[in-house]
Every structure is written in structure tokens, then in C-alpha cells.
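A.B. asks: Here you go, sequence then predicted model.
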Amino acid sequence: MITAIVMIDADNGRIPETAQAVADTEGVAEVYSCAGDVDLIAIVRVRDHEQIAEVVTNRLDKVAGVARTTTHIAFKSYSSADVEAGFSLGE
């Protein structure tokens, strides 16, 4: 699975409705409402890179209330104390 973090700027006054519509979008695993530089953060989980473009460009960018998105691909880091993660990394 590939995880992308999508920062979403929403139209003023439509954040709750936009968050719900984003959460209902196929490929979106979680949505967070934020205080700060962005209005919403969506966690997108898909099987391959082409699907990220499909979810963000063809679905999220077309949700009513979404003004702009910025996508970041996330690579999980593991604690050195996590013995299961160390094993999966080949140690």
C-alpha cells in the first residue's frame, strides 16, 4: 500500500460538508479538520502510484468545496526499538 497525505484548502464556510464529502471518497482512509495553514488533511491509501493521481486529481479535486490540494507521498519510518519492523527490514 502507498500512503499519500493530501493537504486541502476548502472554501470558507464549507469545511464540515467538504470534510464529509472527502471522507466519503473512494481511496480516502481518514480525514482531519485542522487549524493552521490548511483546512483539511486527507490520508489516501492505494495500491499503486497511478491510483494516487486518480484519487487526488479525478476525485478529491472535484469535490464541492475543495479549493486546492497539495499531495505528499509518505514513507513510514520505524523506531529502532521496534523489533518487528527491524525484522521486516531484513535485520
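C.D. replies: Yep, it's here. Residues are numbered from 1 along each chain as shown.

A.B. asks: Please count neighbours and contacts with C-alpha atoms only from this point.
C.D. replies: OK.

A.B. asks: for the chain, which spans come out with low pLDDT?
C.D. replies: 83-91 (pLDDT under 70).

A.B. asks: Spell out the residue ranges of the strands in it.
C.D. replies: With DSSP state E as the criterion, the chain has strands at 2-10, 28-33, 40-46, 66-74.

A.B. asks: Can you point out the buried residues in the first one?
C.D. replies: Buried residues in strand 2-10, defined by neighbour count with 16 or more other C-alpha atoms under 10 Å: T3, A4, I5, V6, M7, I8, D9, A10.

A.B. asks: next one: the shortest one
C.D. replies: Along strand 28-33, the positions that meet the burial threshold by neighbour count (16+ other C-alpha under 10 Å) are V28, V31.

A.B. asks: just how off-centre is it within its chain?
C.D. replies: 7 Å (C-alpha atoms, centre = their mean, to the nearest Å).

A.B. asks: Just give the strands next to it in its sheet, each with its orientation.
C.D. replies: When pairing is defined by DSSP bridges, strand 28-33 lines up against strand 40-46 (antiparallel).

A.B. asks: What residues sit buried inside the partner strand?
C.D. replies: Those would be L40, I41, A42, I43, V44, R45, V46, for strand 40-46 by 16+ other C-alpha under 10 Å.

A.B. asks: which residues sit against that strand?
C.D. replies: Here strand 40-46 makes contact (C-alpha atoms under 8 Å, 6 or more residues apart in numbering) with 1-10, 15, 19, 22-23, 27-34, 52, 55.

A.B. asks: mind running it again at 7 Å?
C.D. replies: 1-9, 19, 27-34, 52 (C-alpha atoms under 7 Å, 6 or more residues apart in numbering).

A.B. asks: try stretch 21-36
C.D. replies: A19, D39, L40, I41, A42, I43, V44, R45, V46, V55, L60, V63.

A.B. asks: what about dumping the CA coordinates of that stretch to CSV?
C.D. replies: The C-alpha coordinates for stretch 21-36 follow below in CSV (Å, rounded to 0.1, in the frame of the first residue of the first chain):
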residue,chain,number,x,y,z
ALA,A,21,-17.5,14.5,1.1
VAL,A,22,-13.7,13.9,1.1
ALA,A,23,-14.2,11.2,3.8
ASP,A,24,-16.8,9.5,1.5
THR,A,25,-14.4,9.5,-1.5
GLU,A,26,-13.1,6.1,-2.5
GLY,A,27,-9.4,5.7,-1.7
VAL,A,28,-9.5,8.1,1.3
ALA,A,29,-8.8,6.3,4.6
GLU,A,30,-9.0,9.3,7.1
VAL,A,31,-9.8,13.0,7.1
TYR,A,32,-8.7,15.5,9.7
SER,A,33,-10.0,19.1,10.1
CYS,A,34,-7.1,21.4,11.0
ALA,A,35,-6.3,24.8,12.5
GLY,A,36,-3.4,26.3,10.7
